[in-house]
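A.B. asks: Sharing a model prediction with you, sequence too.
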Protein chains: 2
Amino acid sequence: MTARLSDIADEAGVSVMTVSNVMNGKSARVSPATIERVLAIAARLGYVPNIPARSLAANSSHIVGALVPVGENNSLLVSPHTVAVVGGMETHLRHRGYHVLLRGIENEDQVAQTIRGWSLDGVVLVEFTDAQIDRLSIGSVPLVAIDSYSSNPRAIGVRSDDHRGGRLAGARLADAGHRHVLFAGPPYQGMGVVGQRWDGFRAACLDAGLDPRDIVTEEVLTTFEDGRRLGLRLRRDRPEVTAVFATADHLAVGIMAGIAEAGGSVPGDVSVIGFDDLDFAGYTTPGLTTIAQNMPAKVAEASRIILDEIEHGQGPRAPVSLDVRLVERGSVAPPARDVRQAQA
Amino acid sequence: MTARLSDIADEAGVSVMTVSNVMNGKSARVSPATIERVLAIAARLGYVPNIPARSLAANSSHIVGALVPVGENNSLLVSPHTVAVVGGMETHLRHRGYHVLLRGIENEDQVAQTIRGWSLDGVVLVEFTDAQIDRLSIGSVPLVAIDSYSSNPRAIGVRSDDHRGGRLAGARLADAGHRHVLFAGPPYQGMGVVGQRWDGFRAACLDAGLDPRDIVTEEVLTTFEDGRRLGLRLRRDRPEVTAVFATADHLAVGIMAGIAEAGGSVPGDVSVIGFDDLDFAGYTTPGLTTIAQNMPAKVAEASRIILDEIEHGQGPRAPVSLDVRLVERGSVAPPARDVRQAQA
DNA sequence: CCGGGAAGGTTTAGCGGTAAACTTCGCAAG
DNA sequence: CTTGCGAAGTTTACCGCTAAACCTTCCCGG
């Protein structure tokens, strides 16, 4: 039913190897005339290479694994980022003849198991924590870790310049005149993405002359609901705060909603700045001012590195940090009360 | 380096086939003692089955393809739906020992090619149009088509009850007293998802006594931007319209933004109702009243069908329609002017 | 005390491809 | 003339696993 190399070989009157060589572009060993004849027959028969067979024989699959840890809820692709990365990688890789295996990881051992079991040619790790990546011991498969600041030399980090993002946010708020600011983000250990953003944010605020005691933090999950709850109690719990930097747009939008629900106004009473520039950041009123990541570049870079490593593996590489930029929309304004107090 | 069946066989002093049988749970042919011994050695050696080899030998891969057409922009996973489906399927399938190949389809022939080339055990089609599915000729691989109303008997449709969704929307607006309504959605050929929604919407409006000439339509893409543009010109172009049913939340939210930008109020001047209940539907002001799809059920159902068909294939099946419900948030209210006019 | 079956394996023969080593032939150089 | 060598193939062996057919024992009923 399905045409095999041997079917083509029979029709063309050549050996299977010759056909194989033609199919793989190893034209050095085959005459132009034969190449043409073989290709014509292959096209007529609708030949499609059998991927498992090729993987087995060549011990290389042309498959790149997109590995994503599954959380409590056991579900994948929850974050818009992960989605952009996985979808974008598929596009880039497909154009170069590679395939994407999407795999949820329940347990770190599964990373190595999946690589071996599938003879993966490369791996992209998405949403893994630095600690998880540190613990990984992978053989010699090229491995790119998105948003990683891990020091595992086998995992090439590709991420946005989170430190600079934090700085941009801090500078924007401080320049607007805010003197009591809140950093809202998930708990983090060590540095990681959130740590970098915090670090940059804090540095920019200090540079602008804020008192360290006036840069406060709240640990919340990066969800709309957690943000909303924080927004609701913000005026009561932290009346002095006039601006919030949230490490994710979901969170920022939730905070805006909570503030509004509690009778406050954004940016009248409290300014809010987010991170990511997800699509809905433009859908709110006011629009969310946020730090935009260059996702297409991140994906392109990750793909480029993976393919490069697969095709001419050059071992250890420096991580890549992509540029970020401030997108002004309307959720940041000078502080109302503080300015008056300062003027008084 | 990597343990193979033969390594285990050597250590255990049995044949490779015995080990294979143990690994595949064909315990009928092996004594309990041997099973235990083999499993112990396999665990100690960290045995991981080689998927390509198994696929090749068994001519069945334990892989389900998630096939998604790539659009103009060549990118995948753009819609939140597709993401939910792909991510959710992975979770369900993984728990049953299957894997997911994510593949962008540029050309319909690639569907059959991918199935053959990978010896896929099953296929899920996401975002294919009915016309595309009609044209497909696939062998005997179980195939589920998400959101399809295609009549191709080989593609089992799994979708929401779009007709009922349209009805719910129409009834809600009519019950609120609206007499001039607008249906905004992408152009559609034949029935399909949009056609079903339109049909249900129209039927509900007519049932409520609206004049057919007062049920108007606008063809727009399902994007925030297109919605916004429609919202901006709505008052000018269609002053009589007091309520809009948009076939997608992105569109609905855009329409709300456009109306607000043009100085109108939602739901004061115009009511808006969406479809999908995406996360951001709760993030806007007012919150978007919308028809919610039961995505977890859709995904679960699709997975169940695929696995069922793979494991005890029973041929043609009826398509599945999942229930929808109206989620009330605040973007629908009685019409201000019309009510006054009616009372005058 | 022989035929027959179940239990518990083993053997054989690939699946469709590829790497690497080997053949053949024609031709230019020594 | 040989020899040497590149072009154009071919042959061989194997990748890791499985389906299906084939062996042994041992036990049991007739």
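C.D. replies: That came in fine, so what should we check first?

A.B. asks: What's the separation between the residue in the stretch 201-344 of chain A that DNA strand C sits nearest to and chain B?
C.D. replies: Closest to DNA strand C within the stretch 201-344 of chain A is residue A:311: 13.1 Å, counting by CB to the nearest atom of the strand. Yep, even glycine has a C-beta here, placed from its N, CA and C like the rest. Counting by CB to the nearest CB, to the nearest Å, the gap from residue A:311 to chain B is 20 Å.

A.B. asks: tell me which residues in the one helix or strand that residue maps to are buried?
C.D. replies: The secondary structure element spanning residue A:311 is helix A:295-312 (assigned by DSSP states H and E). Across helix A:295-312, burial judged by 16 or more other CB atoms under 10 Å in any protein chain shown covers A:295, A:298, A:299, A:300, A:301, A:302, A:303, A:305, A:306, A:307, A:309, A:310.

A.B. asks: what do you get for stretch A:269-283?
C.D. replies: A:269-278, A:280-283.

A.B. asks: do the same with stretch A:206-220
C.D. replies: Neighbour-count burial for stretch A:206-220 [16+ other CB under 10 Å]: A:208, A:210, A:215, A:218, A:220.

A.B. asks: Name all residues that make contact with the last one.
C.D. replies: Applying CB atoms under 8 Å, 6 or more residues apart in numbering or on different chains to residue A:220 gives the contacts A:184, A:185, A:186, A:226, A:227, A:229, A:230, A:251.

A.B. asks: mind checking how far the residue in the stretch 101-250 of chain A positioned nearest to DNA strand C is from DNA strand D?
C.D. replies: Nearest residue of the stretch 101-250 of chain A to DNA strand C (CB to the nearest atom of the strand) works out as residue A:119 at 11.7 Å. Separation of residue A:119 from DNA strand D (CB to the nearest atom of the strand, to the nearest Å): 8 Å.

A.B. asks: I figured that residue hits residue A:57, correct?
C.D. replies: No. With contact defined as CB atoms under 8 Å, residue A:119 does not count as touching residue A:57 (10.4 Å).

A.B. asks: between those two, who's got more neighbours?
C.D. replies: Between residue A:119 and residue A:57, counted using other CB atoms under 10 Å in any protein chain shown, residue A:119 has the larger neighbour count: 21 against 13.

A.B. asks: need the contact list for residue A:214.
C.D. replies: Applying CB under 8 Å, 6+ apart to residue A:214 gives the contacts A:179, A:180, A:181, A:240.

A.B. asks: switch to 7 Å and redo it
C.D. replies: By CB atoms under 7 Å, 6 or more residues apart in numbering or on different chains, residue A:214 lies in contact with A:179, A:180, A:181.

A.B. asks: List the ones among the contacts of residue A:220 that fall in strands.
C.D. replies: A:184, A:185 (DSSP state E).

A.B. asks: Can you lay out the contacts of residue A:220 as a markdown table showing neighbour count?
C.D. replies: Converted to a markdown table, the contacts of residue A:220 look like this (neighbours: other CB atoms under 10 Å in any protein chain shown):
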| residue | neighbour count |
| --- | --- |
| A:184 | 26 |
| A:185 | 24 |
| A:186 | 16 |
| A:226 | 21 |
| A:227 | 30 |
| A:229 | 16 |
| A:230 | 23 |
| A:251 | 30 |
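
A.B. asks: Kindly tell me how buried residue A:47 is, as a neighbour count.
C.D. replies: Quick note: residue A:47 (other CB under 10 Å) scores 22 neighbours.

A.B. asks: now swap in residue A:140 and tell me
C.D. replies: Count around residue A:140 with other CB under 10 Å applied: 9.

A.B. asks: With adjacent residues omitted, what lies nearest to residue A:119?
C.D. replies: Distances taken as CB to CB, 6 or more residues apart in numbering or on different chains place residue A:61 nearest to residue A:119, at 4.6 Å, with adjacent residues excluded.

A.B. asks: try residue A:160
C.D. replies: Residue A:160 sits nearest to residue A:293 (CB to CB, 6+ apart), 4.4 Å away.

A.B. asks: The one you found bridge partners, please.
C.D. replies: residue A:324 (DSSP bridges).

A.B. asks: any idea how far stretch A:217-225 is from the chain center?
C.D. replies: 20 Å (CA atoms, centre = their mean, to the nearest Å).

A.B. asks: try stretch A:28-37
C.D. replies: Worked out by CA atoms, centre = their mean, stretch A:28-37 lies 44 Å from the chain centre.

A.B. asks: Ok, stretch A:71-91 next?
C.D. replies: 9 Å.

A.B. asks: got it, and stretch A:273-280?
C.D. replies: 14 Å.

A.B. asks: is it anywhere near chain B?
C.D. replies: Yes. Among the residues of stretch A:273-280, A:279, A:280 lie within reach of chain B under CB under 7 Å from any CB of the partner chain.

A.B. asks: related to what we said a few turns ago, other residues contacting the helix holding residue A:311?
C.D. replies: With CB under 7 Å, 6+ apart, helix A:295-312 has contacts from A:64, A:84-85, A:88-89, A:92-93, A:96, A:121-122, A:124, A:142, A:144, A:146, A:156, A:158, A:160, A:317, A:320, A:322.

A.B. asks: if we can go back for a sec, OK, contacts around the residue nearest to residue A:119?
C.D. replies: So residue A:61 contacts A:55, A:118, A:119, A:120, A:121, B:52 (CB under 7 Å, 6+ apart).

A.B. asks: re earlier: between the buried residues of stretch A:206-220, which sits nearest DNA strand D?
C.D. replies: Out of the buried residues of stretch A:206-220, the member with the shortest distance to DNA strand D (by CB to the nearest atom of the strand) is residue A:220, at 46.3 Å.

A.B. asks: near DNA strand D, which residues of chain A?
C.D. replies: Where chain A comes near DNA strand D, counting by CB under 7 Å from any atom of the strand, the residues are A:13-18, A:21, A:28-31, A:33-34, A:53, A:56-57, A:59.

A.B. asks: Which among those residues count as buried?
C.D. replies: Buried subset of the residues of chain A next to DNA strand D (neighbour count, 16+ other CB under 10 Å): A:14, A:18, A:21, A:30, A:34, A:53, A:56.

A.B. asks: Determine which two of the residues you listed are furthest apart.
C.D. replies: Distance extremes for those: the farthest pair is A:34 and A:56 at 26.4 Å, using CB to CB.

A.B. asks: near DNA strand C, which of the buried ones among the residues of chain A next to DNA strand D show up?
C.D. replies: When contact is defined as CB under 7 Å from any atom of the strand, these meet DNA strand C at A:53, A:56.

A.B. asks: how about CSV for the buried ones among the residues of chain A next to DNA strand D, with secondary structure and pLDDT added?
C.D. replies: Formatted as CSV, these follow (DSSP: H, G, I helix; E, B strand; the rest coil; pLDDT from 0 to 100):
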residue, secondary structure, pLDDT
A:14, coil, 93
A:18, helix, 93
A:21, helix, 92
A:30, coil, 84
A:34, helix, 90
A:53, helix, 96
A:56, helix, 96
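
A.B. asks: now the strands for the stretch 201-344 of chain A?
C.D. replies: Taking DSSP state E, counting those that start in this stretch, the strands of the stretch 201-344 of chain A run over residues A:215-219, A:243-246, A:271-276, A:289-293, A:320-322, A:324-327.

A.B. asks: List the pairing partners of the fifth one within its sheet, with orientation.
C.D. replies: Sheet pairing here is set by DSSP bridges, and for strand A:320-322 it gives strand A:155-160 (parallel).

A.B. asks: export the strand it pairs with as PDB, just CAs?
C.D. replies: Presented in PDB, the C-alpha positions along strand A:155-160 are these (Å, rounded to 0.1, in the frame of the first residue of the first chain):
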ATOM      1  CA  ALA A 155      21.500  23.700  28.700                       C
ATOM      2  CA  ILE A 156      21.800  26.800  26.500                       C
ATOM      3  CA  GLY A 157      19.600  29.500  28.000                       C
ATOM      4  CA  VAL A 158      17.500  31.700  25.800                       C
ATOM      5  CA  ARG A 159      15.600  34.400  27.500                       C
ATOM      6  CA  SER A 160      14.600  38.000  27.600                       C
END
